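>>> got a predicted model here, sequence first, then my questions.
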Amino acid sequence: MKLVVGLGNPGRQYRDTRHNIGYMVLAELAMRIGPVKPRIRFQGETVETKIGDEQVILLSPTTYMNRSGLSVSEAVRFYKLPLEHLLVVCDDLNLPFGKLRMRTSGSSGGQKGLVDIIEKLGTDVFCRLRFGIDRPFGPISTTDYVLSKFFPDEQKKLPDLRIEAANAVECWVKNGPQETMNRYNNV
């Protein structure tokens, strides 16, 4: 069994914002399996599916970004999941818009959801798929930037980029992190 977590913030006001790209990628994956009603578990919404031959739980924490570790650690403990079976999908200010980067460990890079997950799990050794959202420019704060909607030119590209990120998740489930890094980190 694998656990794929998409980070974001619950609530209508945060829908389609940069910080919610993790939710968007999981929504893309859920659309591929057809209409399904998520279950409320682990302080989040879960969808159970299969990717290839692998049982997969898609988890969107509803704890707000900076408390994501509560949801993730609860699910990991419940399933007694080895951390190599965990993938977290999140936004990254340090990558150009749409750039994907998979890592199997490392720092949070300042991403508040990853900070909390690392703290609650007590380790940074788990896979994460970062989706570049670029850095803010001009007089906008980082917080306002990540909580804002994508620019119109980004919105046009977003559907294809979400598909690409969902494909990367499927690659991780079927082929593991090394193959995923080889295919998607250099794009």
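Looks like it came in fine.
>>> who does the biggest helix by length in the chain touch, helix- and strand-wise?
Longest helix in the chain, counting residues (DSSP state H): helix 152-175. Here helix 152-175 touches strand 2-6, helix 21-33, strand 44-51, strand 54-61, strand 86-92, strand 100-103, strand 127-132, helix 177-184, going by 3 or more C-beta pairs under 8 Å, 6 or more residues apart in numbering; DSSP states H and E. C-beta coordinates here come from the backbone N, C-alpha and C atoms, glycine included.
>>> would you mark the buried spots in it?
Neighbour counts over helix 152-175 (16 or more other C-beta atoms under 10 Å) mark 158, 161-162, 164-173 as buried.
>>> now tell me what touches it from outside.
Here helix 152-175 makes contact (C-beta atoms under 8 Å, 6 or more residues apart in numbering) with 2, 4, 21, 24-25, 27-29, 32, 51-52, 54, 56, 87, 89, 97-98, 100, 102, 127, 129, 131, 149-150, 179-180, 183-184, 187.
>>> ok, back up a step: now render the helices and strands packed on helix 152-175 as TSV, adding mean pLDDT.
Shown next, in TSV, are the helices and strands packed on helix 152-175 (pLDDT from 0 to 100):
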stretch	mean pLDDT
strand 2-6	97
helix 21-33	92
strand 44-51	92
strand 54-61	95
strand 86-92	97
strand 100-103	96
strand 127-132	96
helix 177-184	95
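>>> right, so of those, which gets closest to S141?
Among the helices and strands packed on helix 152-175, strand 86-92 comes nearest to S141, with 15.5 Å by C-beta to C-beta.
>>> specify the residue positioned farthest from the middle of this structure.
Using C-alpha atoms, centre = their mean, the residue of the chain lying farthest from its centre is P139. It sits 27.6 Å away.
>>> so that residue, which state does it fall into?
Taking DSSP: H, G, I helix; E, B strand; the rest coil as the rule, one finds P139 in the coil state.
>>> per-residue confidence for it?
Reading off the confidence values, P139 has pLDDT 85.
>>> ok, now S108?
We have a pLDDT of 88 for S108.
>>> ok, for it, nearest residue in space, not its chain neighbours?
L114 (3.8 Å; C-beta to C-beta, 6 or more residues apart in numbering).
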